[in-house]
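A.B. asks: here is a sequence together with a model predicted from it:
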Amino acid sequence: MSDKEWYLEDYKPSLRKWIFQNMAMGATYAALVLFGLIAIILIINAIGKALPDESKEAADPNRVELIEPVTGEILPRVI
């Protein structure tokens with residue numbers, strides 16, 4: 001066996017090439033995750049825009065309605 005390490009020999013991949021390949025693979029995975037998340041957000045946004053306007057009408061989240069215990073009448077109260 002030679003005294004040289006595998007990454008210093010000419011016929012085997014060098015250490016720089018190995019590092020570059022791993023870094024490039026990591027960057028590829030990161031780009032796939034990033035573009036995947038962007039695609040999911042755009043799909044959800046498109047579905048939301050395709051819904052009718054009636055589905056987007058919601059009650060005021062700051063409004064609290066209390067029920068009168070004696071009469072059962074709903075008393076609107078804004079906090």
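C.D. replies: Thanks, I have the structure now.

A.B. asks: distance-wise, check Lys17 relative to Met23.
C.D. replies: 11 Å (CB to CB, to the nearest Å). Yep, even glycine has a C-beta here, placed from its N, CA and C like the rest.

A.B. asks: which pLDDT value does the model give Ile44?
C.D. replies: At Ile44 the predicted local distance difference test score is 95.

A.B. asks: what are the phi and psi values at it?
C.D. replies: Main-chain dihedrals, Ile44, degrees, to the nearest 10: phi -60, psi -40.

A.B. asks: what about it, how many residues nearby?
C.D. replies: The burial metric for Ile44, expressed as a neighbour count using other CB atoms under 10 Å, is 10.

A.B. asks: now swap in Trp18 and tell me
C.D. replies: Neighbour count for Trp18, taken as other CB under 10 Å: 13.

A.B. asks: and what about it, helix, strand or coil?
C.D. replies: Using DSSP: H, G, I helix; E, B strand; the rest coil as the criterion, the local structure at Trp18 reads helix.

A.B. asks: and stretch 25-42, what's buried?
C.D. replies: Neighbour counts using 16 or more other CB atoms under 10 Å place no residue of stretch 25-42 among the buried ones.
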